[in-house]
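Student: turn this into a structure:
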Amino acid sequence: MPGSHYVALSGMRARLDQLDRLAADLANSATAGYKGERLAHSQEPRPTFVDTLDTAIDVSISGRRLDTASGAIENTGRDLDVAIEGDAFFEMQTPGGARYSRNGHFTRATDGTLTTDDGMPVMGENGPIKLGDGQVAVGEDGTVRSGEGVVGKLKLVRFENPAELMQDGGARLRADGQEPVAATTAVIRTGALERSNVSVVTHVAELTTVTRAFEALQKSMSVLMNDIDGRAIDSFGRR
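Tutor: Numbers count the residues shown, from 1 in each chain. A predicted model of the protein is given here:
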């Protein structure tokens with residue numbers, strides 16, 4: 001296959017990856033604490049297998065990076081809704097290990113454990129937090145009170161390179177190869193949630209641009225394969 005075909009195909013592949021990322025971001029635009037992703041493109045020299053392809057360049061996705069910009073904080077008035085102001089994440093325990101999130105929409109399990117909205121225990125500095133039967137109040141430093149007593153303190157962590165955290169479904173993140181450290185400067189706001197940082201308007205505009213680029217590359221492939229190649233075959237066939 002000529003090098004020009006590979007260039008167009010690699011460009012289409014990169015746009016498909018962009019469309020997948022945009023679709024995931026838009027699907028989670030209403031998910032509390034969700035962080036969108038950014039993609040970067042790079043030019044990848046393809047290994048040489050014939051001299052005519054020595055200068056062929058493929059387009060590829062050079063990596064995904066988390067958009068760590070904060071979302072707007074919205075008051076909810078619910079005592080188990082908490083938002084973080086500052087560089088920090090909540091930690092939760094899942095069957096796959098520790099995970100991290102800015103989604104502070106917590107619930108009380110039947111045994112009193114403080115959990116995420118999908119049932120994962122929220123970690124305190126001394127392990128999972130058990131709530132009593134009384135009203136819950138969370139202080140600015142993450143101290144959790146239930147009734148008249150302190151039942152724990154939310155474990156708030158930060159990372160050296162938060163943009164390299166990987167999405168693990170919804171607003172949940174995993175820290176492949178990074179170790180969390182205690183976040184000491186973050187402040188907790190009770191009765192509030194941090195909204196997604198995804199701008200629907202911006203993403204729809206980008207979606208339109210990516211779709212048009214994909215269609216243009218698709219058309220160029222059609223011209224290359226059907227028109228140019230067809231004429232070449234017809235021309236050589238007459239000799």
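
Student: follow the chain on from the helix or strand that contains Thr115 and name the next helix or strand.
Tutor: Secondary structure from DSSP states H and E places Thr115 in strand 114-116. For strand 114-116, the following helix or strand on the C-terminal side (DSSP H and E) is strand 123-124.

Student: and that next one, what does it pack onto?
Tutor: For strand 123-124, the packing partners by 3 or more C-beta pairs under 8 Å, 6 or more residues apart in numbering; DSSP states H and E come out as strand 89-94. (Each C-beta comes from the backbone N, C-alpha and C, glycine too.)

Student: list the helices and strands the strand it packs on packs on?
Tutor: Applying 3+ C-beta pairs under 8 Å, 6+ apart, we find strand 89-94 packed against strand 97-101, strand 123-124, strand 156-158.

Student: who's in contact with it?
Tutor: With contacts defined as C-beta atoms under 8 Å, 6 or more residues apart in numbering, strand 89-94 is touched by 84, 98-104, 116, 120-123, 128, 154-159, 162, 172-173, 180, 183.

Student: of those residues, grab the buried ones for ChimeraX.
Tutor: Selecting the buried subset of those in ChimeraX, with 16 or more other C-beta atoms under 10 Å as the burial test, is done by:
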select :84,99,100,101,102,103,104,116,120,121,122,123,128,154,155,156,157,158,159,162,172,173,180,183
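
Student: quick one: the helices in this structure?
Tutor: 3-27, 200-222, 229-237 (DSSP state H).

Student: between the ones you listed, which gets the lowest average pLDDT?
Tutor: Least confident of those, judged by mean pLDDT, is helix 229-237 with a mean of 54.

Student: pull the CA atoms of stretch 140-157 into CSV?
Tutor: Output for stretch 140-157, consisting of C-alpha atoms alone and laid out as CSV, is shown next (Å, rounded to 0.1, in the frame of the first residue of the first chain):
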residue,chain,number,x,y,z
GLU,A,140,-13.2,22.0,56.8
ASP,A,141,-10.2,19.8,57.7
GLY,A,142,-12.2,16.6,56.9
THR,A,143,-13.1,15.6,60.5
VAL,A,144,-16.3,13.6,60.4
ARG,A,145,-18.7,13.9,63.4
SER,A,146,-21.7,11.7,63.8
GLY,A,147,-24.1,12.6,66.6
GLU,A,148,-21.9,14.0,69.5
GLY,A,149,-18.7,12.3,68.7
VAL,A,150,-15.8,12.3,66.1
VAL,A,151,-15.9,9.1,64.1
GLY,A,152,-13.0,9.7,61.8
LYS,A,153,-11.2,12.1,59.4
LEU,A,154,-11.4,11.9,55.6
LYS,A,155,-8.2,10.8,54.0
LEU,A,156,-7.2,13.4,51.5
VAL,A,157,-4.3,12.7,49.2
